[in-house]
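>>> here's a sequence, model it:
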Amino acid sequence: MPLLEDDRILISRCLDREPGGWKAFVDRFSGLFVQVIQHTAHARSIALSTHDVDDLAADVFLALLANDSDVLRRFRGDSTLNTYLTIICRRIVVHEMIRRRMAEELGHVKASGSTLERAHVGEDDASTRIENRELVQRMLEGLSDTEAAVVRMFHLEGRTYHEIARELGIAENSIGPILTRSREKLRNSSLASVPD
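Model (predicted):
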């Protein structure tokens with residue numbers, strides 16, 4: 001699809017730092033970003049406060065400005081600008097949601113009034129989520145393909161039980177026991193490796 005002339009002019013104004021260019025960009029796409037943020041949160045069963053939505057929208061705009069607006073410079077017009085920015089926004093939001101969850105679970109974020117920071121990470125308690133990649137890789141040893149996929153999706157990708165069950169085509173109530181068995185295997189292997 002060819003790049004629309006209005007989109008080309010708007011991007012050019014932003015990249016050339018023309019007065020009013022960035023404001024026009026923000027005015028045009030802030031509603032789209034809010035919609036993407038809310039849809040992404042809803043799909044991950046996370047209720048967001050107005051403050052959370054504002055924070056995430058600011059994160060998206062900052063990412064678009066980072067590295068001399070590299071994300072905008074990479075737009076080649078293979079899709080509409082709206083589609084391109086929707087994909088970029090969703091990636092940034094998912095990454096930021098996972099980052100904030102991990103920070104809270106590791107004690108780096110104070111559990112305050114922010115809905116996003118207090119979001120329940122799934123049917124399993126947040127304290128059971130293992131974020132250390134090395135531990136997760138050790139946990140994967142000896143698991144079946146399905147079990148390994150469940151562990152990866154839950155611990156590394158931050159997916160909910162519902163998302164995992166839908167993607168893998170397994171019963172949602174089988175995920176908790178798979179995660180419990182995997183953690184138990186890791187615990188037993190760690191104890192076995194400790195010298196007497």
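>>> and Ala47, how far is that from Asp59?
According to Cβ to Cβ, to the nearest Å, Ala47 and Asp59 sit 18 Å apart. No exception for glycine: its C-beta is placed from N, CA and C like everyone else's.
>>> ok, which stretches of the protein are helices?
Along the chain, the stretches classed as helices by DSSP state H are 5-15, 21-43, 50-73, 81-105, 133-140, 145-151, 161-168, 175-192.
>>> dump those to a markdown table, plus mean neighbour count and mean pLDDT.
What follows is the helices of the chain, written out as a markdown table (neighbours: other Cβ atoms under 10 Å; pLDDT from 0 to 100):
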| stretch | mean neighbour count | mean pLDDT |
| --- | --- | --- |
| helix 5-15 | 15 | 87 |
| helix 21-43 | 16 | 91 |
| helix 50-73 | 16 | 87 |
| helix 81-105 | 18 | 82 |
| helix 133-140 | 15 | 67 |
| helix 145-151 | 18 | 87 |
| helix 161-168 | 17 | 89 |
| helix 175-192 | 15 | 70 |
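>>> contact partners for Ser182?
Contacts for Ser182 were tallied using Cβ atoms under 8 Å, 6 or more residues apart in numbering; they are Met139, Leu143, Glu147, Val150, Val151.
>>> please disregard the earlier target; I meant Ile175.
Contact criterion Cβ under 8 Å, 6+ apart gives Glu123, Val150, Phe154, Tyr161, Ile164, Ala165 as the residues in contact with Ile175.
>>> any idea how far it is from Arg166?
To Arg166, Ile175 is 11 Å away according to Cβ to Cβ.
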